[in-house]
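Participant: below is the structure, and that's it, no one-letter string:
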DNA sequence: TTCCAATCCTTTAAGCTTCAAACGTCTCGA
DNA sequence: TCGAGACGTTTGAAGCTTAAAGGATTGGAA
């Protein structure tokens, strides 16, 4: 996480801002926002629950699907690579938060599922997590939240469109 | 941070709304946006230049300050921990992109500075980086970009306010 | 001057992350 | 029914990340 800067081809010594493209400034600002909130959540999760964000995220995904999810499905939803999950799941199994077993219908697939202990632990964390997010977003009026949702949706669509046919290029 | 590593055609990530607080949905959407753009930049940096985002980010910071920066100053600007920089700087020195020397005024401090080779390499990457960002933001009209900038600024301020006196709590 | 707290950096341990390669399993068509 | 290719997962190498502990240096107070 970091503050990505701009080309700044001339490396002016005087004024820092530099007349970057508005798109670049927007990306930088989004990134800063995201990092700020994410870092805070990460730090508090560690301090108050001794957990990491990836672990919390995995529990959250499973909490939504009592029947469990395959690792592939999990990796898609969490937007991380497949290889990433193997160790993460392993650690959560060790902790007793989740259980893992080979799918009954496809012996290639591993299905992960919350244990009762895991569900309980997650509930406490989720409540705190929600408090934190609400607190950090408190400065926005409802209509602003609404507006932001719309604009971000548009951006997301735009970015995805730009990604289509990437390999074809 | 990536799920897009293999362009699997379909990306049905947004599933059940789950009637959460609007703040939670907003945070989730911001995070998705940020991850989407970041992952793309990361992947392309690797594919086209064989570089990572942290390395690019560090070069970008130094490109703005020809006289160089101490590692502490760098860690603040990049929003990463101090310990993080030691190895990162070491690798960039090895690559020949930057040079490092003990500060002449404070023998505790290490000052990092771009080499000419590093500056050249950075310029090429920065140009591509800017193209990518502009491309992904292309779907937004100028007035929408403006609006988004304002709302994100407000959010950032709100989050920072929530963080004040965190230790005092 | 002497001493001590603050500052700067490095090291360490643990965990997260990716990509690429490898392995087992499944599906489907010949 | 057999084989090719697709799919789900694991492994390995490399790098990023943090918190915490430790060493060097500085600057100011007694």
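Facilitator: Looks like it arrived, so ask away. Quick caveat: nothing in here was measured; it's all calculated off a predicted structure. Residues are numbered from 1 along each chain as shown, chains lettered A, B, ... in the order given.
Participant: for chain A, which spans come out with low pLDDT?
Facilitator: By pLDDT under 70, the low-scoring segments of chain A are A:1-19, A:165-169.
Participant: I'd say residue A:24 and residue B:130 touch.
Facilitator: Yes: using CB atoms under 8 Å, residue A:24 is in contact with residue B:130, at 5.9 Å. C-betas here are computed from N, CA, C, even on glycine.
Participant: more crowded one of those two?
Facilitator: Set residue A:24 next to residue B:130 and count neighbours by other CB atoms under 10 Å in any protein chain shown: residue A:24 wins out with 20 against 17.
Participant: what distance do you get for the more buried one to residue B:149?
Facilitator: 11 Å (CB to CB, to the nearest Å).
Participant: quick check: residues of chain A near DNA strand C?
Facilitator: Contact residues (CB under 7 Å from any atom of the strand) of chain A with DNA strand C: A:52-55, A:79-84, A:87-88, A:91, A:106-108.
Participant: in helices, which of those appear?
Facilitator: Judged by DSSP state H, the residues of chain A next to DNA strand C include A:53-55, A:82-84, A:87-88, A:91 as members of helices.
Participant: span of stretch A:104-118 from start to end?
Facilitator: Counting by CA to CA, to the nearest Å, you get 23 Å between the two ends of stretch A:104-118.
Participant: and for stretch A:74-91?
Facilitator: End-to-end span of stretch A:74-91 (CA to CA): 15 Å.
Participant: do stretch A:91-111 as well
Facilitator: 15 Å.
Participant: check which residues of it are buried.
Facilitator: Buried residues in stretch A:91-111, counted by 16 or more other CB atoms under 10 Å in any protein chain shown: A:92, A:97-98, A:110-111.
Participant: now tabulate those residues in JSON lines and tack on secondary structure.
Facilitator: Below are the buried residues of stretch A:91-111 laid out as JSON lines (DSSP: H, G, I helix; E, B strand; the rest coil):
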{"residue": "A:92", "secondary structure": "helix"}
{"residue": "A:97", "secondary structure": "coil"}
{"residue": "A:98", "secondary structure": "strand"}
{"residue": "A:110", "secondary structure": "strand"}
{"residue": "A:111", "secondary structure": "strand"}
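Participant: and which of the residues you listed is nearest DNA strand D?
Facilitator: In terms of CB to the nearest atom of the strand, no member of those lies closer to DNA strand D than residue A:110, at 3.9 Å.
Participant: for beta bridges, what are the partners of that closest one?
Facilitator: Under DSSP bridges, the beta-bridge partners of residue A:110 are residue A:102.
Participant: who's in contact with it?
Facilitator: Contact analysis of residue A:110 by CB atoms under 8 Å, 6 or more residues apart in numbering or on different chains lists A:70-71, A:89, A:100-103.
Participant: one more time with 10 Å
Facilitator: Neighbour list for residue A:110: A:68-72, A:74, A:85-86, A:89, A:100-103 [criterion: CB atoms under 10 Å, 6 or more residues apart in numbering or on different chains].
Participant: and residue A:135, by the same measure?
Facilitator: Shown in contact with residue A:135 (CB under 10 Å, 6+ apart): A:40, B:23, B:158-159, B:161-163.
Participant: mind listing which of the residues you listed are in helices?
Facilitator: A:40, B:23, B:158-159, B:161-163.
Participant: among those, name the buried ones.
Facilitator: Neighbour counting by 16+ other CB under 10 Å classes A:40, B:23, B:158-159, B:162-163 among the ones in helices among the contacts of residue A:135 as buried.
Participant: and stretch A:69-81, which residues are buried?
Facilitator: In stretch A:69-81, counting by 16+ other CB under 10 Å, buried: A:69-71, A:74-80.
Participant: report the distance from it to the chain centre.
Facilitator: Here stretch A:69-81 is found 12 Å from its chain centre; the criterion is CA atoms, centre = their mean, to the nearest Å.
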